[in-house]
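Q: Structure, please.
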Amino acid sequence: MAAPVAPAPTPASLPLPAAPSAASESVRTYYKNVQNDLLVQGLMRVDGGGPDTPYSADNLARNFEKIAFYDEHSIGTSLQRSTGEARLLARWDKPVRIGVEFGPSVDAAQRAKDKAFVAKFADRLGRVTGHPVTTAKTRINFNVLVVGEDDRTAMAQRFSNLLPSLSNAHRTLLQNLPRDMHCLVIVSHADSDEPKIMSGVAIVRAEHPELLRQACFHEEISQGLGLVNDSPLARPSIFNDDDEFAYLTSHDQALLNMLYDPRLAIGMTADQARPIIRILARERMGQDL
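A: Model prediction:
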């Protein structure tokens, strides 16, 4: 798109039912069962990895290339499938200012809890990347929307304001996510030879139980910084589809730190970056170059 998505005023809350709708309660029950099933299987770990999940510098370099240079979807505010070709290295060059918004159905206690969790995570990401990442109330360029089934009408205009380049069909998809899509993020890039990330919009379901919603915050905000792909080979990591880990791992922190290392430049090809990636990976693992 030609310019970053400009934040627009949050829509006024519309009247809601005295209690959550049957649809909202059904979704809430569904995801409670999903979380319970994952926990019973020993998944959704919060330990960041350990002796049972070793990885080497070669693993780190391989995973970085797959996660940073490939994408499930095409660059831009689009949900089209990617061609599968390597893209140019993309990341933010300006401070990331995260704003957390809520659909009218989300109560005050949950809003306060989610805002505090995201603020703490943003601070951690700033330390990990060495790039300014904070929560903010103004000049927001990364919007995190927590919305429920009962918020579709109230949030329709907000989706249109934040993602004006999406087709009506794709905006309808975002407002009616299929159940197997727990959360997602869409990033917008500068219309230039250098794919600088200019803005991001993450969507998290309000009906998620606590650990699942927090896992969504970790994954979508982290991916919105530029690690947009998943790889089944990445372990220990949240950048895959196996749900083994709920929170950012030591492996993932190394990937983010590598992404924002000044020796890598926005717009590099995978071939140009590969020798540097090998050096960065060995440095992070404390190995000789």
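Q: For Asn282, which non-adjacent residue is closest in space?
A: Actually, residue 282 is Arg rather than Asn. Ala57 (4.5 Å; Cβ to Cβ, 6 or more residues apart in numbering). Just so you know, the C-beta spots here come from the backbone N, C-alpha and C atoms, and that holds for glycine as well.
Q: what's the burial count for that neighbour?
A: Burial of Ala57 is recorded as 19 neighbouring residues (other Cβ atoms under 10 Å).
Q: Now do the contacts for it.
A: With contact set as Cβ atoms under 8 Å, 6 or more residues apart in numbering, Ala57 has these partners: Arg278, Ala281, Arg282, Arg284, Met285, Gln287.
Q: And Thr249, by the same measure?
A: So Thr249 contacts Gly48, Gly49, Thr53, Pro236, Ser237, Ile238 (Cβ under 8 Å, 6+ apart).
Q: What's the ChimeraX syntax to select whichever of those are buried?
A: What follows is the ChimeraX syntax for the buried subset of the contacts of Thr249, where burial is set by 16 or more other Cβ atoms under 10 Å:
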select :49,53,236,237,238
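Q: Distance to Lys115 added to the contacts of Thr249, as a markdown table?
A: Formatted as a markdown table, the contacts of Thr249 follow (distance: Cβ to Cβ, whole Å):
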| residue | distance to Lys115 |
| --- | --- |
| Gly48 | 23 |
| Gly49 | 28 |
| Thr53 | 31 |
| Pro236 | 28 |
| Ser237 | 26 |
| Ile238 | 21 |
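Q: Make CSV from the contacts of Thr249 and add secondary structure to it.
A: Converted to CSV, these look like this (DSSP: H, G, I helix; E, B strand; the rest coil):
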residue, secondary structure
Gly48, coil
Gly49, coil
Thr53, coil
Pro236, coil
Ser237, coil
Ile238, coil
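Q: now, among the contacts of Thr249, which is nearest to Ala202?
A: Ile238 (13.8 Å; Cβ to Cβ).
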